[in-house]
Each structure stands twice: as structure tokens, then as C-alpha cells.
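*Asks:* A predicted structure for the sequence below; I have some questions about it.
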Amino acid sequence: MDPEPLRGPVTLAVVEDHPVTVDGIRLWLSQDPGRRVELVASGPTVEAVLGGPGATADVLLLDLELDGVMIIDRVAELCAGGRRVVVFSGHREPETVLRVLDAGASAFLAKHESAEHCVDTIVAVATDRPYVTPTMARALISDDRPQRPRFSEREHLALLLWFQSMSKASVARRMGISEATVRQYIDRARVKYAKIGRPAPTKAALLARAIQDGLIRPEEVRDYRSFAAGGD
Amino acid sequence: MSEDPEVEVARRYAGAATVAAVVVAACWHLGYDLTAMLVSWERYRWPLLAAGAWAAYLAIGVAGSVALLRLRRPLRMVWAYAAGALALDAAVIAASSPGEVLGLADWGWGSVGWLGLILFWRRRRHLRELIWFLLADGAIIVAGMALAGVYDRVSLARVLMVYAGGVTLQIGASVGGHALAFAARLAAEKSAEQAATEAAREIAERVHADRMRRYEAVRHATADLLTAIAEGADPADPRVRRECAVGAARLRRLMTETDDVPDPLLATLREHVLDAERRGVVVSLEPPVGTIPELPAGVRHSLARAPLEALRRARGEARVTVYAGGGEVIVSVVADAEDVPVEHLEGVQVTQQREGRSVWIQSRCAVP
């Protein structure tokens, strides 16, 4: 299940209107021992970033609020072309997190948890693998919409403990299982969300990778599909 | 029973109108009817029938009044009582000698309308039913006149005058009483609405004032910090960095606090978070998952005790979360602190786990 070594550093484009935040991101990337991510473009608007070298970046890190305007509606449009989008915001209410995931975003990073999770999230997303930040875990267990996926008891517990402790080792000890199994429960819960909301190439890629990694079985994808069809 | 003063006032107004109806009927029956019957006693064909009718009137009146004033609902089979009232009306006519029909001895037809007023007061279509009842009363007196052979113009004029007068009084009392109750209810609703708006405004003002107060506090803290940096404090200094982190955590919390009526559990946690921050601890207090149900004060204190102890012992960092769902409430604190003494508390389950320098306290209680 360990990700295969990357061919080169993951390329990252950042849409962020505060230069100081971009500097912060640059600092986190430089502190990563493997230097796994390279920042290739940054700018204050989507157009400015995608108009240059950012157009071909592996991952787009998108601040949800640019110049005081929320751009949730643009997430779907960006994901529709297969672009891997990681949303990065201080607005971490569960409704916002679920909306951007539904729209096809690969992950949600709350600004205050970025230092610990930023690089790992970007690397996971670049290979179409799930990465669940504690803020995402909170949103997933808060979801009470009728179309929400059903989690197993263990998946729900793993998400809750991860949200509370922010340490997978602690969760593993509490549940009496290995850290890898904890990751598996959390990632499975995330993959279930790939079938919620509008279809997007990023979601299909996430499901395909999850099958390849043995996280879910192909039949389970069909289960989600038939469940979604029945819920219409 | 509502404790709302406006509703209480409306209820009293409505109650006063019904009491007035009962008092009028009672005075009429005990004053006029009884006197008229006793004065005419000698002229009745069957005085005992008249006395029985008077007693029956009293019985129906008492039953109707109890339903009206005490039970606050109409009698069951109210039309059976109404039929009884009309029958006693006919009985008084029958008891009177033909010459006394419409006379003083024939007190029933003019007085029975008050019974109708009481019987139908709480019915949904009270006015329509009262009018039907009064029309039946009119039909009975006309039939009584026919049987007694009283056709002269003077008698007809007299019956019309007395009937019209009585009916006007009784319908007037019913319409007036109900209008009074309606107006009182309307006024109560308006007043309650006004009170609710006033309360909402006051709450909004308080919440706003509270936010401004906290904002002021944070602004002071950050302004001092920014001034210090501007004046040359080194951002690489761990103390400056820690103060920046505390200020940022506070600002973040200020932005995410959207509850206008803070939950008492969250309020307690926030208070302790502020204390910890004053000691320089960087605390992340996550907005709660789910809606925290109302917990008895004792349970709430027990639930918060161990997590708050961990927060008090935190040296540099703490994370506080609250989860409500699946029939339980869980307060969790992860802090770089020494172990917390865990005591057994009724209804609360506490687990403690150490992970290197951090301790993780989870305190949970079941929600009934």
C-alpha cells in the first residue's frame, strides 16, 4: 500500500491573494526532508496562475476566499477538466468542506493545520490517493444529509478519534489496531465520498486508484453507484 | 397552563366575559323568574310543573356554567341540554292557564335564551347555534299562543317586542363577550410578538457587545505584539512566535464562534481556554461536531472535569474538541501535560492515554 516513489517532485500551483501565505507555503515545502513538492506558480487569481506555468502543475492549491470573495462555485469548473484541486481555507465549516468535496476537490486543508498536513496532502493528491485532514474528518462525521455515504462503525470511530487526537499512532493504540489499518479506515471513508455530488474525473481517478491499491473492491464501487441511483 | 403574562391577561379577559354571562343568567333566573313564578303561583294550572321547570332550568344552568367556567369546554351532547331547555320553556307555557300565556307567569320563553348563551358559548359556531336555539324558542311561544288562542294584535305586538328585546340582549352579550375575548387574544399575541422582538434585539445586542469586548481584547493583544515586532522584536524569538500563535488561535476562535446562545459546556470550555492562553498555551478549540443536548449541570461538570484538568496542566499546546452524536457527548483534550488524576464520577467515563509528551483525555457521557 505504500505509494511508489515519485518520478520527480510534484509540481504545485498556488492561487492565494496574500503573498505572506505563499511565503509560508514555500517555507513548509522547503522544510520537507524529501523536498517532494516544487512550487511552480503562484498568483492572486485563478486566471493569473493558470495562464502561465501553473496550467500544467500536478496540483492546484486554491484559497477559497480571494480578495474578499468566496469562489466555491469555481471548484467544480476547475475539477471538471481533471485538475487536482486542494482547497485551502480558514472557512472550515462542515458545509463548506462537504461542498468543495462534492464539487470534486481532492482534499480540504484548513489554514491552521496546513503546517502539519500541507506537503503530505499534496503528495497524496498528486497520485490520486485520499488524504483526510482532521478538518475533513470533522466534516465527514458531521454530515447528516440524506445522500451521505454509510460508514462502518470502525470507519466512523477512526474518523472521530483522528479528529480528536490528530495522531494516527494515538488512534491506532486506542483502537488496538495498526496505524496502517487506521489509515485504511479513514481513507475508505474518504473514498466513499467520491460518489457524492456531481461526477468529476478527479473522483473517478480516486476510485480507480483505491481499487488498484486494494482499498476497496470493484464491486463496492458498483454498490455506491446503485445506492446513489436508488437515492434519486 | 402558560406562564406568559400576556396569555394570562387574555385568559382573564375571556374569563370575565363568561363570568358575566353566567351572572346575568343567574340574576335573571333567581331574581325575575323566581319572583314571577311565586307571584303567579295561584294562577298556574299546574304550579308544580312550573316549579319543576324552574328547577330544571337551574340544573341545566349549573351544568352549563360548570362546563363554561371550570372545564372550559362545551358540554357533551349540548343539543340534548338545549332540547331540555326548550322543553322546560314549553312546560311553563303548558303550566300557565291560557290567559297567562305571555303574562308574568309565563317566564320561560323570555329567559331560556340565557341558557342558550351559556350552553353554546364555547362551541365553534356559537352564534349560529344560539340563533337556531332562539328561533326554536320563538316557534314554541308562537305555538303556545296558537294553542292558547291568543291572536290579538296587542299580544302579537307584545310578544314581538319582548322577544326582540330578549334576543337582542342575548345575541349582543354573546357577540360582545366573544369580541372582547378575541380582542384580548389579539392584543396578547401582539404584545408577545413585541416582547419576542425586544428579547431578540436585546440578545443580539448582548452577543454583539460580547464579541466586541473579546475583539477588543484580542486586538489589544495583537496590536501590542505587532507594535513590538515593528519596533524590532525578533520574529525568530520563540517567545514572540508563541505569542503570535496564541493571538492567531484566539482570532480564529473569534471568527468561528457563530452560536448566539452559547452552550453552557462550550462556555465553560472557552473560559478555561482563555485562562490557558493567558499562560501562553496555544489552544485549538474546534467548533463542536453535532448539537450538544441540554445536560444536567451535575453531569456537565463531571464531563468537563478531567478535560479541564488536562487543559490547566498544558504547558505549551492543547487541542479541545466536543462531539455530540450516537447518543453520547464526548469532550476530548490533547495537551502536552503530565497525567491527570482520574476519579470515578457518576455517569461519566474517562479514558486517559499517553503519547510521548502528550496526554489525551476523553470524557464521555451518555445522553438520555
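*Replies:* Perfect, I can see it now.
*Asks:* interface residues of chain A facing chain B?
*Replies:* For chain A, the contact set with chain B under C-beta under 8 Å from any C-beta of the partner chain comprises A:90, A:92-94, A:112, A:138, A:141-142, A:160, A:163-167, A:169-170, A:173-174. From N, CA and C alone the C-beta is placed, and that goes for glycine too.
*Asks:* Those in helices, which ones?
*Replies:* Using DSSP state H, A:94, A:138, A:141-142, A:160, A:163-165, A:169-170, A:173-174 are the members of these that sit in helices.
*Asks:* which among the residues of chain A next to chain B end up buried?
*Replies:* For those, a neighbour count by 16 or more other C-beta atoms under 10 Å in any protein chain shown gives the buried set as A:92-94, A:112, A:138, A:141-142, A:160, A:163-167, A:170, A:173-174.
*Asks:* Roughly how far does whatever residue of chain A ends up closest to chain B sit from residue B:288?
*Replies:* Nearest to chain B, among the residues of chain A, is residue A:164, at 4.0 Å (C-beta to the nearest C-beta). Remark: distance between residue A:164 and residue B:288 (C-beta to C-beta, to the nearest Å) = 12 Å.
*Asks:* Please tell me I have it right and residue B:273 contacts residue B:311.
*Replies:* Yes: look at residue B:273 against residue B:311 with C-beta atoms under 8 Å: they come within range, at 7.0 Å.
*Asks:* Do you have the helices of the chain handy? List them.
*Replies:* Chain wasn't specified; assuming chain A. Using DSSP H, the helices assigned to chain A run over residues A:19-31, A:46-50, A:73-80, A:94-102, A:114-126, A:134-142, A:153-165, A:168-175, A:179-192, A:201-212, A:218-230.
*Asks:* looking at chain B here, not the other one
*Replies:* Using DSSP H, helices in chain B cover B:5-27, B:34-39, B:47-66, B:78-95, B:108-120, B:126-148, B:153-230, B:238-256, B:264-278, B:297-313.
*Asks:* List the contacts of the residue in chain B positioned nearest to chain A.
*Replies:* Using C-beta to the nearest C-beta, residue B:332 is the residue of chain B that sits closest to chain A, at 4.0 Å. Residue B:332 makes contact with A:164-165, B:307, B:319-323, B:360-363, according to C-beta atoms under 8 Å, 6 or more residues apart in numbering or on different chains.
*Asks:* still on that earlier bit, what is in contact with residue A:164 and residue B:288 at once?
*Replies:* Residues touching both residue A:164 and residue B:288 (C-beta under 8 Å, 6+ apart): B:321, B:323.
*Asks:* can you pull the contacts of residue A:44?
*Replies:* Contacts of residue A:44 by C-beta under 8 Å, 6+ apart are A:15-17, A:66-67.
*Asks:* Can you report phi and psi for it?
*Replies:* In terms of degrees, to the nearest 10, the main-chain angles of residue A:44 are phi -80, psi -10.
*Asks:* Could you tell me the per-residue confidence at the residue of chain B closest to chain A?
*Replies:* pLDDT recorded at residue B:332 is 96.
*Asks:* In contact with the nearest residue to it once chain neighbours are set aside, which residues?
*Replies:* Of all residues not flanking residue B:332 in the chain, residue A:164 sits nearest, at 4.0 Å (C-beta to C-beta, 6 or more residues apart in numbering or on different chains). Residue A:164 sits next to B:319, B:321, B:323, B:330, B:332, B:334, B:360, B:362 when contact means C-beta under 8 Å, 6+ apart.
*Asks:* On the strand side of things, show who the second one bridges to.
*Replies:* Looking back up the chat, that one is residue B:321. residue B:332 (DSSP bridges).
*Asks:* got a list of what it touches?
*Replies:* Residues in contact with residue B:321, defined by C-beta under 8 Å, 6+ apart, are A:163-164, B:286, B:288-289, B:330-332.
*Asks:* among those residues, which two are most distant?
*Replies:* Within the contacts of residue B:321, A:163 and B:331 form the most distant pair, 13.1 Å apart (C-beta to C-beta).
*Asks:* I'd like to know how far the residue minimising distance to the centre of chain A sits from residue A:188.
*Replies:* Nearest residue to the geometric centre of chain A (C-alpha atoms, centre = their mean): residue A:107, 1.5 Å. Separation of residue A:107 from residue A:188 (C-beta to C-beta): 16 Å.
*Asks:* Identify the farthest-apart pair in the ones in helices among the residues of chain A next to chain B.
*Replies:* Farthest pair in those, by C-beta to C-beta: A:94 and A:173, 27.0 Å.
*Asks:* So which residues on chain B come close to chain A?
*Replies:* Residues of chain B found near chain A (C-beta under 8 Å from any C-beta) are B:248-249, B:252, B:255-256, B:284, B:286-287, B:289-290, B:319, B:321, B:323, B:325, B:330, B:332, B:334, B:351, B:353, B:355, B:358, B:360, B:362.
*Asks:* which of those are buried?
*Replies:* The neighbour-count test (16+ other C-beta under 10 Å) marks B:249, B:252, B:284, B:286-287, B:289-290, B:319, B:321, B:323, B:325, B:330, B:332, B:334, B:358, B:360, B:362 as buried among these.
*Asks:* Just checking, which helix or strand of chain A averages the lowest pLDDT?
*Replies:* Least confident helix or strand, chain A: helix A:218-230 with a mean of 58, by mean pLDDT, DSSP states H and E.
*Asks:* Where does pLDDT dip in the chain?
*Replies:* You didn't say which chain, so I picked chain A. A:1-7, A:222-232 (pLDDT under 70).
*Asks:* Chain B is the one I meant
*Replies:* Checking chain B against pLDDT under 70 turns up B:1-7, B:221, B:254-262.
*Asks:* domain assignment for it?
*Replies:* Domains of chain B are assigned by automatic domain parsing as B:5-193, B:261-366.
*Asks:* what would those domains look like in JSON lines with distance to residue B:234?
*Replies:* JSON lines is the format used below for the domains of chain B (distance: least, C-beta to C-beta, whole Å):
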{"stretch": "domain B:5-193", "distance to residue B:234": "60"}
{"stretch": "domain B:261-366", "distance to residue B:234": "17"}
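*Asks:* now for those domains, which one comes closest to residue A:100?
*Replies:* Residue A:100 sits nearest to domain B:261-366 of all the domains of chain B, at 17.4 Å, using C-beta to C-beta.
*Asks:* how about the residue located most distally from the centre of chain B, phi and psi?
*Replies:* Here chain B reaches farthest from its C-alpha mean at residue B:232, the gap being 63.0 Å by C-alpha atoms, centre = their mean. Backbone dihedrals for residue B:232, given as degrees, to the nearest 10, come out at phi 110, psi 10.
*Asks:* residues contacting it?
*Replies:* Listed by C-beta under 8 Å, 6+ apart, residue B:232 has no contact partners.
*Asks:* still on that earlier bit, nearest to residue A:130, of the domains of chain B?
*Replies:* Ranking the domains of chain B by proximity to residue A:130 (C-beta to C-beta) places domain B:261-366 first, at 20.2 Å.
*Asks:* any idea how far that closest one is from the chain center?
*Replies:* Its chain's C-alpha centre and that of domain B:261-366 lie 37 Å apart, by C-alpha atoms, centre = their mean, to the nearest Å.
*Asks:* do the same with stretch B:107-114
*Replies:* For stretch B:107-114, the distance to the chain centre is 39 Å (C-alpha atoms, centre = their mean).
*Asks:* CA atoms only: put it into PDB for me.
*Replies:* Only the C-alpha atoms of stretch B:107-114 are listed here, as PDB (Å, rounded to 0.1, in the frame of the first residue of the first chain):
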ATOM      1  CA  TRP B 107     -91.400  33.400  32.400                       C
ATOM      2  CA  GLY B 108     -89.800  30.600  30.400                       C
ATOM      3  CA  TRP B 109     -89.600  31.800  26.800                       C
ATOM      4  CA  GLY B 110     -88.100  35.200  27.600                       C
ATOM      5  CA  SER B 111     -85.500  33.700  29.900                       C
ATOM      6  CA  VAL B 112     -84.400  30.500  28.300                       C
ATOM      7  CA  GLY B 113     -82.200  32.400  25.800                       C
ATOM      8  CA  TRP B 114     -79.700  33.000  28.600                       C
END
